[in-house]
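# sequence-free structure coming up:
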């Protein structure tokens, strides 16, 4: 299955973000964009991808290929980017391209995401809260990034 045409330009951005250890900043941006949005498939999908990134970043879950992780990060970058195929500020249609890209990521990585869901199901609720917790801001991010 071919990637959406605008997705490819987010892959190098995702590689740079990962190599510079900036994944927590992306998770903060994703959480901020999701805030105030109602329940639904898009929210569930983004939450799952974000949880996977959090668990991967903390070293708790590494059973995902590098290529798949890069695609997850690129998909989340696409989601938070205000400048994509259809700008998010266009009411009613601004999220359509985000939905297409995230649906593609979910479909292409279905096996990897099923494995992550199975891993999550085996974890205690307390552990999952700790593993998937998103830093609340720059101060929290610095403390967590520096191992405090």
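That came through fine. As the structure is a prediction and not an experimental result, all values here were calculated from the model.

# show me what contacts the residue nearest the centre of the chain?
Note on the chain: the residue nearest the mean C-alpha position is residue 50, at 3.7 Å, using CA atoms, centre = their mean. Going by CB atoms under 8 Å, 6 or more residues apart in numbering, residue 50 touches 27, 30, 31, 34, 76, 132, 134. All C-beta spots, glycine's among them, are computed from the backbone N, C-alpha and C.

# Let's have those residues in a markdown table, adding neighbour count.
What follows is the contacts of residue 50, written out as a markdown table (neighbours: other CB atoms under 10 Å):
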| residue | neighbour count |
| --- | --- |
| 27 | 23 |
| 30 | 21 |
| 31 | 17 |
| 34 | 16 |
| 76 | 27 |
| 132 | 20 |
| 134 | 19 |
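
# now the helices for the chain?
Taking DSSP state H, the helices of the chain run over residues 10-19, 23-34, 41-57, 66-80, 96-108, 110-121, 125-132, 138-145.

# Give me the below-cutoff pLDDT ranges for the chain.
For the chain, the stretches with pLDDT under 70 are 36-39, 84-95, 135-148.
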